[in-house]
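Here is a sequence with its predicted model. Questions after.
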Amino acid sequence: MQQLLNGVVVGSVYALFALGFTLLFGVNHIMNMAHGSVFMWGAFAGLYAVTMLDAPIYVALLIGMLAGGLVSAALDIFAFRPLRRRNAPEFSAIVASIGADLVLLAIAQKVSNTAVMRFPFDAFPVVVYTVFGLRFQLLQLVIIGLVVVMVFGLVWYLYRTTFGQRIRCVAYSEQTSRLLGINPGPVNMQVFMISGALAGMAGVLIGLVFNSVHFAMGEPLLLRAFVIIILGGLGSIPGALIAGLAIGIVQTLAVAYVSSGVAEAVVFVALFVVILVRPTGLFGQSTAAMRIQRA
């Protein structure tokens, strides 16, 4: 049960990271390979807010979200928007995002001197609760609570606000949205900001959980995000949430009871099994079904 709890905490952060990734794909149909670097820059921003500005951790979280949102918006302006204007194929966007990822990694490597940085010991209070033999850390409870709030806030924003209706309209068809008087440019910028903010918060939380921030920390998580969005279904928010939790639990149990060396292998075996049973993922739709809905 203790390992299940640890898996839920780690999986919650995975899901938060993957939510921004799948939101971008669902709206802009972009596999943003620089999303891991956005996550990393959010973690660095939160760390520097604590160590250099002596900011409390909740301010560091907000700064990490802001930094992630701004970096993601900059990617849209300089890498993706010019390609959209020229109706470039999706592969061009993938190549552009890989180039942007390498640039962001190089800058972070230079700034940090490749050092592994850590949050101060008192950055978050170490409080432990014991209930029926289970140890609950205050940090774990805060992480789960934050992820729940962010997920419900995102769903409410997408389905209960005018801005969310515009996002869903652009996700359905940019051409149709223009006919309805919606400018896709600001909507796409908004989606990139939201995606980056979610990644930035996940970066700060992962930095706190493992007390480790370095320039390459986003790359392994990007690989897991691929697994999560394929497992949950491309563009599916509930699928990303459930798959993220499942991956976190499976990985934690594999590390605890098998070996840390085979944890990744167990995750990918689970992915292959699910794809064989349901190729579109848990909540994905087939291309034919999507075409019927659009018709």
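Structure's in. What do you need?

From here on, just use CA atoms for contacts and neighbour counts.
Fine.

where do the strands sit along the protein?
With DSSP state E as the criterion, the chain has strands at 128-131, 134-137.

Just say which of the ones you listed is most tucked in.
Compared across the strands of the chain, strand 134-137 shows the largest average neighbour count, a mean of 15 (mean count of other Cα atoms under 10 Å).

Please enumerate residues in contact with it?
M1, Q2, V126, V127, V128, Y129, T130 (Cα atoms under 8 Å, 6 or more residues apart in numbering).

quick one: average pLDDT of that strand?
Mean per-residue pLDDT for strand 134-137: 85.

Can you give the strand pairings for it, parallel or anti for each?
strand 128-131 (antiparallel) (DSSP bridges).

got the CA coordinates for the partner strand in PDB?
C-alpha atoms of strand 128-131 as PDB (Å, rounded to 0.1, in the frame of the first residue of the first chain):
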ATOM      1  CA  VAL A 128       4.800  13.000   8.000                       C
ATOM      2  CA  TYR A 129       1.400  11.600   9.000                       C
ATOM      3  CA  THR A 130       0.900   7.900   9.900                       C
ATOM      4  CA  VAL A 131      -2.500   6.500   9.200                       C
END
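
if we can go back for a sec, out of the strands of the chain, flag the one nearest V9.
strand 134-137 (10.4 Å; Cα to Cα).

I'd like the distance from the closest one to the chain centre, please.
26 Å (Cα atoms, centre = their mean, to the nearest Å).

got it, and stretch 114-134?
The answer for stretch 114-134 is 22 Å, by Cα atoms, centre = their mean.

so how far does it reach from one end to the other?
37 Å (Cα to Cα, to the nearest Å).

same question, stretch 155-167
Terminal residues of stretch 155-167 are spaced 12 Å apart (Cα to Cα).

just to revisit the earlier point, the strands of the chain into TSV, with extra columns for distance to Q165?
What follows is these, written out as TSV (distance: least, Cα to Cα, whole Å):
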stretch	distance to Q165
strand 128-131	42
strand 134-137	38
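
nearest to Q109, of the ones you listed?
strand 134-137 (32.1 Å).

Roughly how far does S37 sit from G261?
25 Å.

right, and the pair among the contacts of strand 134-137 with maximum separation?
M1 and V126 (21.0 Å).

Stretch 211-222: which residues count as buried?
S212, V213, H214, F215, A216, M217, G218, E219, L221, L222 (16 or more other Cα atoms under 10 Å).

wait, the third one sits on T114?
Yes: with the criterion set as Cα atoms under 8 Å, H214 and T114 qualify as a contacting pair; they are 6.9 Å apart.

how about the helices of the stretch 51-200 of the chain, start to end?
Assigned by DSSP state H, counting those that start in this stretch, the stretch 51-200 of the chain shows helices spanning 57-75, 81-85, 90-112, 138-160, 162-172, 174-179, 184-210.

Quick one: work out the angle between the fourth one and helix 184-210.
When you say that, I think you mean helix 138-160. Counting by axes from the mean of the first three to the mean of the last three Cα atoms, to 10 degrees, helix 138-160 points 170 degrees away from the direction of helix 184-210.

do the third one as well
With the same axes, to 10 degrees as the criterion, the two stretches helix 90-112 and helix 184-210 enclose an angle of 50 degrees.

from the buried residues of stretch 211-222, which is closest to A74?
G218 (17.9 Å).

From M217, how far off is A73?
A73 sits 21 Å away from M217 when distances are taken as Cα to Cα.

Please apply the same query to G99.
Applying Cα to Cα, the value for G99 to M217 is 18 Å.

What is the burial count for L141?
11 (other Cα atoms under 10 Å).

Ok, the one 5 residues further on next?
In terms of burial, L146 registers 16 neighbours under the definition other Cα under 10 Å.

so how far is E90 from it?
Distance from L146 to E90, by Cα to Cα: 33 Å.

and what of L105?
L105 is 23 Å from E90, by Cα to Cα.

cool, and I63?
For I63 relative to E90 (Cα to Cα), the value is 31 Å.

Looking at these two, which is more packed in?
Shown here are I63 and E90; by other Cα under 10 Å, I63 has more neighbours (25 against 15).

ok, the more buried one - contacts?
Taking Cα under 8 Å, 6+ apart, we find I63 in contact with G42, A45, G46, A49.

rerun at 6 Å
Going by Cα atoms under 6 Å, 6 or more residues apart in numbering, I63 touches G46.

neighbours of G181, just the number please.
8.

What does the pLDDT read for P238?
pLDDT at P238 comes out at 83.
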